[in-house]
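S.K.: Any chance you could fold what I've pasted below:
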Amino acid sequence: MTSGRRETPPRPTGEPPTARRPLAFGPYEDLTGWLRGLGLALAVGLFLALSGAFVDEDAPLGLRLAYWLPMMGIGALWGGFIARIMFPQHGAEDGPLEGVWRSCLWAALAMAAPFTGMVWTANWLAFGHQISWRSLPYLFSSVFALSLAMTLLNTLVESRRAAIRRLSAGPPRPQPVRFLEKLPPRLRGAELHAIEAEDHYLRLHTSKGQDLILMRLGDAIEELEGLEGAQVHRSWWVARAAVEEVRRGDGRAILTLKTGVEVPVSRTYARLLRAAGWY
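M.R.: Numbers count the residues shown, from 1 in each chain. Just a heads-up that it's a prediction; the model follows:
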């Protein structure tokens, strides 16, 4: 069927979805992961308190614990909130850890900026230290270094746990193609070769023959996700595995299917199919 409708770019099916699942707690995938990060922060705080790092080593241990544990706990809370905003949902197109490193740097900067003032106040209240304004760059660099170390550590821990879960789960199960449920009973189980629009109907070309169903081509294409193919003409969708031969000429192409049916490819779709490696 032909009409005066304007052709639109092909809509390939069978490609993995590009949408990414948002992370619930920044680098953490769930509340359990966030609690694990909190425990890690408190463990680091305990180590810093026992070692006397960054504070007065002569201060009583109880005072150092009262300083570091709340500070690290609040830092974990603040860090989870910042990471949720700063971390993108990384995919395969991000270079090897390139996006993760960049996000860790930005998250550490966002954490260190307000936390520097908090550390300055806490030192004054807990230890009576009057940190001069000239020392603020040094204080900020120390807070930033600790924030970056904690962000990287949590990210590496959660990434490793996620990788282990993916390996344990095995390959994902293929999702059923919804459109195949609409095949008439006599065509059930057949290999779908092509779909041709005829008025308000669709002619189904399969390995078991042909039949008509009442449906729009655009709606059918939306339900073909999971089956590799593409729209090749305003009235045709073709499964890539069904193509036996391609004849080209005058900027157009003709696809010959396994059943011998010939499918026209318009100029617009021909260029895009060529770019996709169909021929």
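
S.K.: Just list what the helix or strand of the chain with the lowest mean pLDDT packs against, helices and strands only.
M.R.: Ranking every helix and strand in the chain by mean pLDDT, DSSP states H and E puts helix 98-127 at the bottom, with a mean of 74. The contact analysis (3 or more CB pairs under 8 Å, 6 or more residues apart in numbering; DSSP states H and E) places helix 98-127 against helix 61-86, helix 136-169. Bear in mind the C-beta positions are built from the backbone N, C-alpha and C, glycine included.

S.K.: With respect to burial, which of those helices scores highest?
M.R.: The highest mean neighbour count among the helices and strands packed on helix 98-127, using mean count of other CB atoms under 10 Å, belongs to helix 61-86: a mean of 18.

S.K.: check contacts around residue 138.
M.R.: Listed by CB atoms under 8 Å, 6 or more residues apart in numbering, the contact set of residue 138 is empty.

S.K.: Tell me the pLDDT of it.
M.R.: Here the pLDDT value assigned to residue 138 is 77.

S.K.: Residue 145 versus that one, what's the distance?
M.R.: 11 Å (CB to CB, to the nearest Å).

S.K.: now residue 137
M.R.: As for residue 137, its distance to residue 145 is 13 Å (criterion: CB to CB).

S.K.: quick one: low-confidence parts of the stretch 151-279 of the chain?
M.R.: By pLDDT under 70, the weakly predicted segments of the stretch 151-279 of the chain are 163-164, 166-174, 250-251.

S.K.: hmm, 50 instead?
M.R.: Residue ranges of the stretch 151-279 of the chain with pLDDT under 50: none are present.

S.K.: now the strands for it?
M.R.: Listed in chain order, the strands of the stretch 151-279 of the chain (DSSP state E, counting those that start in this stretch) span residues 192-198, 201-206, 209-214, 229-233, 236-239, 243-249, 252-257, 262-265.

S.K.: export the ones you listed to JSON lines and tack on distance to residue 37 and mean neighbour count?
M.R.: Formatted as JSON lines, these follow (distance: least, CB to CB, whole Å; neighbours: other CB atoms under 10 Å):
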{"stretch": "strand 192-198", "distance to residue 37": "48", "mean neighbour count": "20"}
{"stretch": "strand 201-206", "distance to residue 37": "52", "mean neighbour count": "21"}
{"stretch": "strand 209-214", "distance to residue 37": "53", "mean neighbour count": "14"}
{"stretch": "strand 229-233", "distance to residue 37": "44", "mean neighbour count": "24"}
{"stretch": "strand 236-239", "distance to residue 37": "47", "mean neighbour count": "24"}
{"stretch": "strand 243-249", "distance to residue 37": "51", "mean neighbour count": "13"}
{"stretch": "strand 252-257", "distance to residue 37": "54", "mean neighbour count": "18"}
{"stretch": "strand 262-265", "distance to residue 37": "54", "mean neighbour count": "18"}
